[in-house]
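Asker: Need a 3D model of the following:
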Amino acid sequence: MYDRMIAELKSELEPIQFVSQDEVFSYFIQYVENADELRKMISYGFFRFEYQRVKLCFKDTIFEEGICAIVQTFHVAMKEHLEECKPYLKEFAIRIAKGSANISRMRFLSTERRPQRLDLFAKDVLRDIAEMIENSIQPYLNMFYQVLRIVEGKGNNPKPKLGNIVRELTKDELFRMLYCDLTFGENIARWRNAYEHGSYRTEQDKIIVQFEDDEVVLERNELQRVLIIVDWLLAMHKTSYMLFTVDYGNFIKVENISEMTDANSLQDIIVMHIAEASSMYSCWLESFSEENRLIIISMQNVDVPRDEITKLLNIITLITRNTYKIILCYDGKVHYATKPVGNGYECTVFGQHE
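Answerer: Residues are numbered from 1 along each chain as shown. All right, here's what the predicted structure looks like:
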């Protein structure tokens, strides 16, 4: 079931397969105060996907500026307006978790093969743009907007609409460029509306998207570029929120994981975290079988030292609550095999690793 998702995750992580934990830490430490917590989270496999996007796409760009601005706003809010912010943090966390679950579901539905017919291509891409903005980016935007209002002394807005949120945020030049200028001068809320209202058509080799009293005429690759920008905006906000949790995660009180996501989405998150953690220890997640309760990991063309393998096995056991067998291979041969035993696991080692 997870074969395609695992292949996509591997493809995403492969460009930074030899990046060390120290390199990831050295970049993200500029955004946080709790260095110990950051290092701990990185050692557990977090921030690998975020660093991949920074290293390949965001470094020295407007998206990096966006991360800085969002994180700075969070710091000001939590230091100067903590009691006012605290009542909303759980709600933000739940909405963001559900938005993340939406992305994992889209992984199962998405395909690199878009329709060749232009009208179907336009519908397909515009649907993905609208879906990401409405269900995945909007929770992050809402948190940033509400926190910014608290910082500015305006208080929480109980029922803001996406259009109002984006209009308020784009009064700032940086966010006007991010949420509007990069998407052909139309803000991302209007791109969401264009699909929902069916306000687009094709003429010969052009895609015409209608925005109230304006329209944008695009080539096929230009519409695809809008989807890429929306994906980058999502990654920018996800990275900013992850950094927020390093310093302020202890203020987010969610009693039951079911409040944040359902069982299927939780399993998707587990698969992604195992892939991320494996990459941090120079390994790949190769297979995840719910039916057989089996996880297969392989080393990335290097014989990983035993102490590093032990760390990885401990992390995977923790992630899966010790309910899966784990097989770890190198050069086509099984080198480690574990099985749950009581509250821990029993590991069989084949060959020598120093």
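
Asker: tally of neighbours for Asp36?
Answerer: With neighbours defined by other Cβ atoms under 10 Å, the count for Asp36 comes to 8. For glycine as for every other residue, the C-beta is placed from the backbone atoms N, C-alpha and C.

Asker: and the helix or strand containing it, which residues are buried?
Answerer: Using DSSP states H and E, Asp36 falls within helix 35-43. Residues of helix 35-43 classed as buried: 38-39, 41-43 (neighbour count, 16 or more other Cβ atoms under 10 Å).

Asker: Flag every buried residue along stretch 334-354.
Answerer: Residues of stretch 334-354 classed as buried: 335-336, 338, 340, 345, 347, 353 (neighbour count, 16+ other Cβ under 10 Å).

Asker: swap that for stretch 310-328, please
Answerer: Buried positions in stretch 310-328, judged by neighbour count with 16+ other Cβ under 10 Å: 311-313, 315-317, 319-320, 322, 324-328.

Asker: that older thread, what element comes up after the helix holding Asp36 heading to the C-terminus?
Answerer: Sequence-wise, the next helix or strand downstream of helix 35-43 (DSSP H and E) is helix 48-53.

Asker: Show me what the helix or strand just after that next one is in contact with.
Answerer: Following helix 48-53 in sequence order, the next helix or strand is helix 62-80 (DSSP H and E). Helix 62-80 is contacted from outside by 31, 54, 57-58, 85, 144, 147-148, 150-151, 174-175, 177-178, 182, 232-233, 235-237, 239-240, 243-244, 247-248, 251, using Cβ atoms under 8 Å, 6 or more residues apart in numbering.

Asker: CA atoms of helix 62-80 as PDB?
Answerer: Output of helix 62-80 as PDB, limited to C-alpha atoms (Å, rounded to 0.1, in the frame of the first residue of the first chain):
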ATOM      1  CA  ILE A  62      12.200  35.300  -0.300                       C
ATOM      2  CA  PHE A  63      11.000  32.000   1.200                       C
ATOM      3  CA  GLU A  64      13.800  32.100   3.700                       C
ATOM      4  CA  GLU A  65      12.900  35.700   4.500                       C
ATOM      5  CA  GLY A  66       9.300  34.500   5.100                       C
ATOM      6  CA  ILE A  67      10.500  31.800   7.600                       C
ATOM      7  CA  CYS A  68      12.500  34.500   9.500                       C
ATOM      8  CA  ALA A  69       9.500  36.900   9.600                       C
ATOM      9  CA  ILE A  70       7.000  34.200  10.800                       C
ATOM     10  CA  VAL A  71       9.300  32.800  13.400                       C
ATOM     11  CA  GLN A  72      10.200  36.300  14.700                       C
ATOM     12  CA  THR A  73       6.400  37.000  15.000                       C
ATOM     13  CA  PHE A  74       5.900  33.800  17.000                       C
ATOM     14  CA  HIS A  75       8.800  34.700  19.400                       C
ATOM     15  CA  VAL A  76       7.400  38.200  20.000                       C
ATOM     16  CA  ALA A  77       3.900  36.800  20.600                       C
ATOM     17  CA  MET A  78       5.000  34.100  23.100                       C
ATOM     18  CA  LYS A  79       7.400  36.400  25.000                       C
ATOM     19  CA  GLU A  80       5.200  39.500  25.200                       C
END
